[in-house]
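Q: Here is my input, please return the structure:
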Amino acid sequence: MADYVLLTGGARNIGAAIAQRLTDDGLRVIVLDVVPPEHDALDSFFPVDLSDLEGTQDVLAKAVAGRTVTRLVNNAGIVDPAPLEETTAESLDRVAAINIRAPMLCAQAVLPAMKAAGFGRIVNISSRAALGKELRTAYAASKAGLHGMTRTWALELGRFGITVNAVGPGPIRTSLFEAVNPAESPRTRAIIEGVPVGRLGTPQDIADAVGFFSSDRAGFVTGQVLYVCGGMTIGLAQGS
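A: From the prediction side, this is the model:
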């Protein structure tokens, strides 16, 4: 019987592409999300608001019960952009709850099955914003924190056959990106022209990286952050 993968934020966009990739790889996908999935590449779906501590703990207990979950993909996240002087404590708390606390709770929920199997793959979806980005005090802090957790877990869990890595997307063409960045706007053109490879990323680009980190082939790779960003973490395209 195929192993299970727990995928947060797996209903749409990048999450949907990850669900399809892992399903194609023979895994049974358990999706946790606040909205219903727009695809059928899943074994089961559990609605949950990951900012709700007790609700998240309750859903996780149900999601892993009776299932051998040997993979975890922490994809769910929120941004809530604001300049520093307008960033509220409440916003910081909510971003941290979903982007940092929820990944930890999910990891704790799947660890017993992974340790029993002597095998596990944890993939955290980060962001290029972890390196710093304007209007992203809470978000950048949460993703930088996720990098620290990724490395810490890699050190703690390696002896159990569990690897932990992160994928950091750059600009990805999703429905949300297109909604706030019209195709013909100067801002959108500037973003694309700044990508060294000359295009936006796709959800499939991220899903393929997650597929590798989730596979048997990634057994000697742990504690790493892979930026899938078209080269933007090292600089902008010449002439942009």
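
Q: remind me which residues of the chain are low pLDDT?
A: 1, 240 (pLDDT under 70).

Q: Counting by contacts, list what the longest helix seen in it packs against.
A: In the chain, ranked by residue count with DSSP state H as the criterion, the top helix is helix 137-157. Judged by 3 or more Cβ pairs under 8 Å, 6 or more residues apart in numbering; DSSP states H and E, helix 137-157 is in contact with helix 89-96, helix 102-117, strand 120-125, strand 162-169. For the C-beta atoms, the positions are set from N, CA and C on the backbone; glycine is no exception.

Q: ok, 6 Å please
A: When contacts are defined as 3 or more Cβ pairs under 6 Å, 6 or more residues apart in numbering; DSSP states H and E, helix 137-157 sits against helix 89-96, strand 162-169.

Q: Was I right to think Thr87 contacts Thr137?
A: Yes. Counting by Cβ atoms under 6 Å, Thr87 does reach Thr137; the two are 4.7 Å apart.

Q: that older thread, can you tell me which of the helices and strands packed on helix 137-157 is nearest to Leu111?
A: When the helices and strands packed on helix 137-157 are compared by Cβ to Cβ, strand 162-169 sits nearest Leu111, at 7.9 Å.

Q: what's next to the closest one, contact-wise?
A: 114, 120-128, 150, 153-154, 206, 209-210, 213, 222, 224-228 (Cβ atoms under 6 Å, 6 or more residues apart in numbering).

Q: What of stretch 98-112?
A: Contacts for stretch 98-112 (Cβ under 6 Å, 6+ apart): 6, 50-51, 56, 60, 64, 69, 72, 74, 77-78, 124, 142, 145.

Q: Tell me, how many residues neighbour Asp216?
A: For Asp216, the neighbour count with other Cβ atoms under 10 Å is 7.

Q: And Leu131, by the same measure?
A: By other Cβ under 10 Å, neighbour count at Leu131 equals 17.

Q: Count the neighbours of the residue nearest to it when sequence neighbours are not counted for me.
A: Nearest residue to Leu131 in three dimensions, chain neighbours excluded: Thr233, at 6.5 Å (Cβ to Cβ, 6 or more residues apart in numbering). Using other Cβ under 10 Å, Thr233 has 15 other residues around it.

Q: Do I have it right that Thr233 meets Tyr227?
A: Yes. Applying Cβ under 6 Å, one finds Thr233 in contact with Tyr227, separated by 4.5 Å.

Q: one step back: buried sites along the longest helix of the chain?
A: For helix 137-157, a neighbour-count test (16 or more other Cβ atoms under 10 Å) marks 137-147, 149-151, 153-154, 157 as buried.

Q: now the angle from it to strand 162-169?
A: With axes from the mean of the first three to the mean of the last three Cα atoms, to 10 degrees applied, the angle from helix 137-157 to strand 162-169 works out at 160 degrees.

Q: who's in contact with helix 137-157?
A: 79, 84, 87, 91-92, 95-96, 99-100, 124, 126-127, 129-130, 132-133, 164, 166, 222-223, 225.

Q: try it again with 7 Å
A: Helix 137-157 has contacts (Cβ atoms under 7 Å, 6 or more residues apart in numbering) with 79-80, 84, 87, 91-92, 95-96, 99-100, 103-104, 107, 122, 124, 126-127, 129-130, 132-133, 163-166, 222-223, 225.

Q: If any of these are buried, put those into a PyMOL selection.
A: Command for PyMOL that selects the buried part of those, burial taken from 16+ other Cβ under 10 Å:
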select buried, resi 79+80+87+91+92+95+96+99+100+103+107+122+124+126+127+129+130+163+164+165+166+222+223+225
